[in-house]
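>>> show me the folded form of this:
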Amino acid sequence: MAGNTTTGRAALASEVWRHVFDFFMHTRPRRDAVLRDLGLTPNDARALSGLDVARGRSMRQLAEGWDCDASNVTWMVGRLEKRGLARRQTDPEDRRARSVVLTARGARVRRQLEEGMHAPPAELSHLGMDELEHLRGVFERLAAEAAKTAEATSRGGR
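Predicted structure coming up:
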């Protein structure tokens with residue numbers, strides 16, 4: 001009986017994920033419009049979200065956080081610098097090292113990006129309060145589980 005429960009749970013999880021993924025893909029044009037309006041690529045958006053105005057990050061830290069090689073980071077930071085969204089500076093703790101920070105303009109664009117991406121798709125307005133509250137609880141739990149997994153992975157507990 002336990003095997004059937006596990007199999008049933010896996011099949012249901014697969015079906016639920018398919019619906020979530022399909023919904024996410026169906027609403028992609030709205031997210032693409034946000035990027036287009038801000039003149040950003042998906043990689044630019046990812047890079048902006050990983051930077052801060054005050055706390056600089058080394059190119060190595062960015063490569064690890066963005067899961068790419070150093071040449072990719074150099075190219076992505078260069079794109080942001082050309083647009084005045086980020087700048088490289090000497091690391092105050094290690095004068096030999098350079099870190100990357102957002103400029104004031106970069107912080108403003110990142111705020112606009114977050115506002116645009118976090119605006120709910122119109123389809124959610126068709127759900128009732130109970131359904132929305134249920135979804136909120138489910139996704140809060142999923143986010144917490146994903147954070148635990150990411151933390152364990154970063155500690156080497158894959």
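>>> and stretch 133-146, what's its mean pLDDT?
In this model, stretch 133-146 has an average pLDDT of 94.
>>> which residues does it contact?
Around stretch 133-146, the neighbours that count as contacts under C-beta atoms under 8 Å, 6 or more residues apart in numbering are residue 127. Any C-beta I mention is one placed from the backbone N, CA and C, and that applies to glycine too.
>>> buried ones in that stretch?
Residues of stretch 133-146 include none that count as buried (16 or more other C-beta atoms under 10 Å).
>>> so which elements touch the helix or strand harbouring residue 30?
Per DSSP states H and E, residue 30 falls inside helix 28-38. Applying 3 or more C-beta pairs under 8 Å, 6 or more residues apart in numbering; DSSP states H and E, one finds that helix 28-38 contacts helix 42-49, helix 104-118.
>>> and that helix, which residues are buried?
Quick answer for helix 28-38 (16+ other C-beta under 10 Å): 31, 34-35.
>>> mind telling me which residue is nearest the centre of this protein?
residue 46 (6.1 Å; C-alpha atoms, centre = their mean).
>>> could you check the angle the helix or strand where residue 78 lies makes with helix 104-118?
Using DSSP H and E, residue 78 maps to helix 70-82. Between helix 70-82 and helix 104-118, the angle comes out at 100 degrees (axes from the mean of the first three to the mean of the last three C-alpha atoms, to 10 degrees).
>>> and the next helix or strand past helix 70-82?
Assigned by DSSP H and E, the successor of helix 70-82 is strand 86-91.
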